[in-house]
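# Please find the sequence and the predicted model below.
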Amino acid sequence: MKRKIALLGSTGSIGTQTLQVVEEHPDNFEVYCLTGYNNIELLAEQARKFKPDSVITANESKYEALKALLADCPDVKVYAGIEAVCEVVESSAIDTVVASMVGFAGLAPTIRAIKAGKRICLANKETLVVAGQLILSLAAQYHSEILPVDSEHSAIFQSLAGEAHSEISRIILTASGGPFRKMSADELANVTKADALKHPTWNMGAKITIDSATMMNKGFEMIEAKWLFGVEPEKIQIHIHPQSIIHSAVEFVDGAVIAQLGVPDMRLPIQYALSYPKRMSLSGKRLNLFEKPLEFFEPDMEKFRCLALAYDAIHKGGNMPCIMNAANEIVNRGFLEDRCSFPKIAETIEKTMQRVSFIANPTYDDYMATDREARVVAKEIMN
């Protein structure tokens with residue numbers, strides 16, 4: 001039977017590559033719903049090609065324009081607003097939700113999908129960063145399967161296949177190092193958004209590319225790994241691996257290390273999450289280990305302060321990762337809009353973490369309130 005997919009964030013990098021996987025396996029996957037935000041031209045183009053039941057723009061101001069673009073597709077229903085996204089993931093016609101919306105906005109739809117018992121192919125880092133404990137408890141309660149789409153977490157997941165009874169000694173979480181790994185702290189003071197957007201390995205959206213440049217992205221992934229695999233932060237070791245061939249690895253208590261290798265191609269982890277436990281053919285380049293040497297370096301926590309802040313946040317627990325994430329979203333956007341320097345990104349996040357009210361055992365409503373408060377504080381500090 002075909003998996004019927006609600007693709008949240010279809011116009012982004014993960015979304016467009018998910019559609020490539022669907023296109024390659026039309027007998028296995030079918031798109032039921034597509035959602036986007038501002039890029040309604042691409043959203044409409046995708047709707048014409050894949051003929052979903054419905055399309056949604058989370059940006060309500062884009063509704064009329066999207067409806068006009070799809071006037072010649074009467075069978076495609078058009079909706080708008082985040083509540084419409086939350087409602088569609090509950091549909092009985094859907095069995096799989098690819099959660100690739102960017103940022104905190106992905107939390108509410110993911111929770112609604114979990115409560116509806118869907119398979120969650122999780123590409124939205126912020127969901128587990130902000131509310132990991134809540135998400136895992138809901139997934140257990142509603143028997144919802146959460147499968148990682150990030151290449152690193154997919155690699156860990158694949159490395160753990162068949163090892164359910166084996167004790168993990170540590171997780172080796174690899175990172176490309178971003179565009180600035182060889183720069184000094186003095187050089188980083190003057191980098192621009194154009195510099196930061198030139199990622200050496202991956203083609204990603206602007207937000208995650210900036211997070212990669214600050215290494216906050218790897219901090220997020222460390223927190224995700226803690227929740228997904230039940231491993232404490234002290235046992236998650238980050239290795240800078242510029243070639244991005246070893247996507248991550250697991251070391252067991254006997255010293256054996258199992259890793260997943262492959263060319264940098266996000267379609268592989270996307271497809272694995274969609275087809276699990278089955279592997280399916282995938283077009284594209286294959287790995288050639290003779291091509292280039294594999295290198296590994298320790299990350300500089302002083303130079304890339306955001307990475308250290310992520311460890312601080314998860315050690316503190318409670319709503320602290322939520323505070324960190326909200327502040328990061330503000331300064332990330334500020335940097336992209338030339339309102340925040342690169343060094344001020346970490347400085348603003350750290351000060352926000354010091355000022356916003358701490359809650360040791362937050363509820364969903366606490367997370368929502370924390371997110372609002374932290375954004376206000378981060379804006380004040382940044383400005």
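Arrived safely, thanks for sending. Numbers count the residues shown, from 1 in each chain.

# can you list contacts of the helix or strand hosting Y63?
Assigned by DSSP states H and E, Y63 belongs to helix 63-69. Helix 63-69 is contacted by residues 40-41, 43-44, 55, 57, 78-81 when judged by CB atoms under 8 Å, 6 or more residues apart in numbering. In short, each C-beta sits where N, CA and C put it, glycine included.

# 6 Å instead?
40, 44, 57, 78, 80 (CB atoms under 6 Å, 6 or more residues apart in numbering).

# So which of those residues are in strands?
Counted as lying in strands by DSSP state E, out of those, are 57, 78, 80.

# ok, the residue nearest to A308 when sequence neighbours are not counted to D371 distance?
Leaving out its chain neighbours, the residue that sits closest to A308 by CB to CB, 6 or more residues apart in numbering is M301, at 4.4 Å. According to CB to CB, to the nearest Å, M301 and D371 sit 26 Å apart.

# And those two? Which one has more around it.
A direct count of neighbours by other CB atoms under 10 Å for M301 and D371 places D371 higher, at 22 against 14.

# before we move on, which element is the more buried one in?
Per DSSP H and E, D371 falls inside helix 364-382.

# Could you list every helix and strand that that helix packs against?
Of the remaining helices and strands, those touching helix 364-382 by 3 or more CB pairs under 6 Å, 6 or more residues apart in numbering; DSSP states H and E are helix 320-336, helix 342-355.

# again, 8 Å this time
Applying 3 or more CB pairs under 8 Å, 6 or more residues apart in numbering; DSSP states H and E, one finds that helix 364-382 contacts helix 125-142, helix 320-336, helix 342-355.

# ok, back up a step: is it possible to get JSON lines of the ones in strands among the contacts of helix 63-69 that adds neighbour count, pLDDT and distance to E295?
Converted to JSON lines, the ones in strands among the contacts of helix 63-69 look like this (neighbours: other CB atoms under 10 Å; pLDDT from 0 to 100; distance: CB to CB, whole Å):
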{"residue": "T57", "neighbour count": "27", "pLDDT": "97", "distance to E295": "43"}
{"residue": "V78", "neighbour count": "22", "pLDDT": "97", "distance to E295": "49"}
{"residue": "A80", "neighbour count": "21", "pLDDT": "97", "distance to E295": "47"}
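
# quick check, nearest of these to A326?
Checking the ones in strands among the contacts of helix 63-69 against A326 by CB to CB gives T57 as the nearest, at 23.5 Å.

# Run through the residues that contact the closest one.
Here T57 is in contact with 35-38, 40, 43, 63, 66, 80 (criterion: CB under 8 Å, 6+ apart).

# Give the ChimeraX command for selecting the buried subset of the residues you listed.
The ChimeraX command for the buried members of the contacts of T57 (criterion: 16 or more other CB atoms under 10 Å) is given here:
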select :35,36,37,40,43,63,66,80
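
# for the contacts of T57, which one is nearest K316?
Nearest to K316 among these is Y37, at 31.5 Å by CB to CB.

# That closest one and G334: what is the separation?
On the measure of CB to CB, Y37 and G334 end up 19 Å apart.

# residues of stretch 248-264 that come out buried?
Residues of stretch 248-264 classed as buried by neighbour count (16+ other CB under 10 Å): 248-252, 258-260, 262.

# right, and the pair among the residues you listed with maximum separation?
F252 and G262 (21.3 Å).

# Now do the strands in the stretch 51-200 of the chain.
Here the stretch 51-200 of the chain has its strands, by DSSP state E, counting those that start in this stretch, at 54-57, 77-80, 96-99, 119-122, 146-148, 168-175.

# for this protein, which spans come out with low pLDDT?
Nowhere does the chain drop to pLDDT under 70.

# in it, what residue sits furthest out from the centroid?
In terms of distance from the mean C-alpha position of the chain, D72 ranks first, at 33.9 Å (CA atoms, centre = their mean).

# related to what we said a few turns ago, which one of the ones in strands among the contacts of helix 63-69 is nearest to G177?
Distance to G177 across those (CB to CB) is lowest for T57, with 35.6 Å.

# just to revisit the earlier point, for the helix holding D371, give me every contacting residue.
With CB under 8 Å, 6+ apart as the criterion, helix 364-382 contacts 104, 107, 111, 130-131, 134, 319, 322-323, 325-327, 329-331, 334, 339-340, 344, 348-349, 351-352, 355-357, 359, 362.
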